[in-house]
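>>> Following is a predicted model, sequence given first.
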Amino acid sequence: MLLPTLLSHRSRAQASGPLPGLNLGGWLVLEKWMTPSIFTGTEATNEYELWQTTTGPGHITHHRDTFITEADIRWIAGAGIQLLRVPIGYWALEDQPPYQNCRQHLDWLLEVAQRHGLRVLLCLHAAPGAQNANDHSGSGQPGTTGWFTKDNQQRTTFALQQLAERYGNHPALWGIELLNEPLVHGLRRSWQFWHWSRTTKKLLAKTLPPHVRIVISDAYNPAWWSGKFGRNCVLDIHHYHCFAPTDQAATDMAHHRAKLAGSHISYAAYARQQPIIIGEWSTTLPQHLMSDEIARTFCAEQLAAFTSAEAWFFWSYKTESPDSWNFRHLYTQGYFTGILPRSSLPDSDQ
């Protein structure tokens, strides 16, 4: 039942172009570089540490209440966005000390998204033990990856099952992503990730309606993982031009445009094996190449490479700085003119 549904969605997406989406990054899973003000007056470097400070819980609660409001959702819908990818932690529905749940905020988001015609992809960004070495992956110990134990994998599956049971039949739910950017090295961990993903996908499929997508990360290696999870799921590919050593070393845009041309071809090939999304991308380039003119042009060039995807999700909706990671800022600067409509936004928001 799920396979024809997903493939028919993919066919429609390819006929009309990818659905435009945004990540609500830095909201329910904190990233200090995005919202440094929340950490003011503390020595905390990540959310795990911040929860354990005297003022941290109050700062986090206030941030959850104010960073994304109905006015933001209204603005997003008015900008022509159709999907929201929402990073959450394994504590989303139940407290996992020191983390406190954000259940009421997720409940609220699904309702408000539905009211404004948006749909939601819930993405488990932070897993027990941490599935990657980043400061937002859940452990509070950046640089370590402890997710690859049977206990942590079982806890992760349980958290995902809870999400499926609570939100699976909500009209605004577009999909559930099993795990964000797992760091998978070597055959043993590759087998563990494959086995866990396949098993968890089958469990969630028993609860979720056929139209709700089950999304699996490419684990930084789409060429290897494409096709390995079955055609009845969606592969999430993250598309960046600012992190890899070869990108940093490039002295002009020729390297980035050649890489982009290759991505366009590769994405079409991957999409023939299963539906794909571009779960994260931005206009950011290595600092020595960044300029408004280059970033503006490269934004449109990247979007042209995503035509095989079912959807794309810009990282991120907003940060505290008006920078190349801040969609709202870029939109008001005209980066998406001709791609997304502007007329539906109130004059004061344009």
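Yep, it's here. Residues are numbered from 1 along each chain as shown.
>>> excluding its backbone neighbours, what's nearest residue 42?
Distances taken as Cβ to Cβ, 6 or more residues apart in numbering put residue 53 closest to residue 42, at 4.6 Å, once the chain neighbours are dropped. All C-beta spots, glycine's among them, are computed from the backbone N, C-alpha and C.
>>> which ones are touching the one you found?
Listed by Cβ atoms under 8 Å, 6 or more residues apart in numbering, the contact set of residue 53 reads 42, 43, 44.
>>> The same query, at a cut-off of 10 Å, please.
39, 41, 42, 43, 44, 59, 60, 98 (Cβ atoms under 10 Å, 6 or more residues apart in numbering).
>>> Okay, strands next: where are they in the stretch 1-150 of the chain?
When assigned using DSSP state E, counting those that start in this stretch, the strands of the stretch 1-150 of the chain occupy the ranges 19-23, 83-89, 119-126.
>>> Also the stretch 251-350 of the chain?
276-281, 311-314.
>>> contact partners of stretch 182-194?
The list of residues contacting stretch 182-194 from outside it, by Cβ under 10 Å, 6+ apart, reads 127, 130-134, 137, 145, 147-150, 153, 178-179, 196-197, 216-221, 224-225, 228-229.
>>> follow-up on the earlier one: make TSV out of the strands of the stretch 251-350 of the chain and add distance to residue 207, mean pLDDT and mean neighbour count.
As requested, the strands of the stretch 251-350 of the chain are exported to TSV (distance: least, Cβ to Cβ, whole Å; pLDDT from 0 to 100; neighbours: other Cβ atoms under 10 Å):
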stretch	distance to residue 207	mean pLDDT	mean neighbour count
strand 276-281	21	98	25
strand 311-314	22	98	28
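>>> how about these in a markdown table, adding distance to residue 256?
Formatted as a markdown table, the entries for the strands of the stretch 251-350 of the chain read as follows, by distance: least, Cβ to Cβ, whole Å:
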| stretch | distance to residue 256 |
| --- | --- |
| strand 276-281 | 13 |
| strand 311-314 | 17 |
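>>> For residue 79, which of the ones you listed is the nearest?
Nearest to residue 79, of all the strands of the stretch 251-350 of the chain, is strand 311-314, at 10.7 Å by Cβ to Cβ.
>>> elements contacting the closest one?
With contacts defined as 3 or more Cβ pairs under 10 Å, 6 or more residues apart in numbering; DSSP states H and E, the packing partners of strand 311-314 are strand 19-23, strand 83-89, strand 119-126, strand 234-239, strand 276-281, helix 292-304, helix 327-332.
>>> one more time with 8 Å, if that's ok
Strand 311-314 sits against strand 19-23, strand 83-89, strand 276-281, with contacts defined as 3 or more Cβ pairs under 8 Å, 6 or more residues apart in numbering; DSSP states H and E.
>>> Out of the strands of the stretch 251-350 of the chain, the one nearest residue 239 is which?
Minimum separation from residue 239 across those (Cβ to Cβ) falls at strand 276-281, 4.2 Å.
>>> Just want the angle from that closest one to strand 119-126.
Comparing the axes of strand 276-281 and strand 119-126 via axes from the mean of the first three to the mean of the last three Cα atoms, to 10 degrees yields an angle of 60 degrees.
>>> Parallel or antiparallel, which strands does strand 276-281 pair with?
For strand 276-281, the paired strands and their directions (DSSP bridges) read strand 234-239 (parallel), strand 311-314 (parallel).
>>> Go through the ones you listed and name the closest to residue 109.
Between residue 109 and the strands paired with strand 276-281, the shortest separation by Cβ to Cβ is 15.2 Å, and it involves strand 311-314.
>>> so where's the protein shaky on pLDDT?
Under the criterion of pLDDT under 70, the regions of the chain flagged as low confidence span 1-15, 341-350.
>>> Could you measure from the residue of it most remote from its centre over to residue 260?
Seen from the C-alpha centroid of the chain, the residue lying at the greatest distance (Cα atoms, centre = their mean) is residue 54, 30.3 Å away. Look at residue 54 and residue 260: by Cβ to Cβ, to the nearest Å, they are 47 Å apart.
>>> follow-up on the earlier one: of the contacts of residue 53, buried ones?
Among the contacts of residue 53, those buried by neighbour count (16 or more other Cβ atoms under 10 Å) are 39, 44, 59, 60, 98.
>>> any chance of the residues you listed in TSV, with distance to residue 77 too?
Conversion of the buried ones among the contacts of residue 53 to TSV gives the following (distance: Cβ to Cβ, whole Å):
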residue	distance to residue 77
39	31
44	34
59	28
60	26
98	35
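>>> Helices of the stretch 1-150 of the chain, start to end?
Counting by DSSP state H, counting those that start in this stretch, one finds helices in the stretch 1-150 of the chain at the ranges 2-16, 47-50, 56-66, 70-78, 103-115, 150-167.
>>> The stretch 201-350 of the chain too?
With DSSP H, counting those that start in this stretch as the criterion, the stretch 201-350 of the chain has helices spanning 222-225, 245-249, 253-271, 292-304, 327-332.
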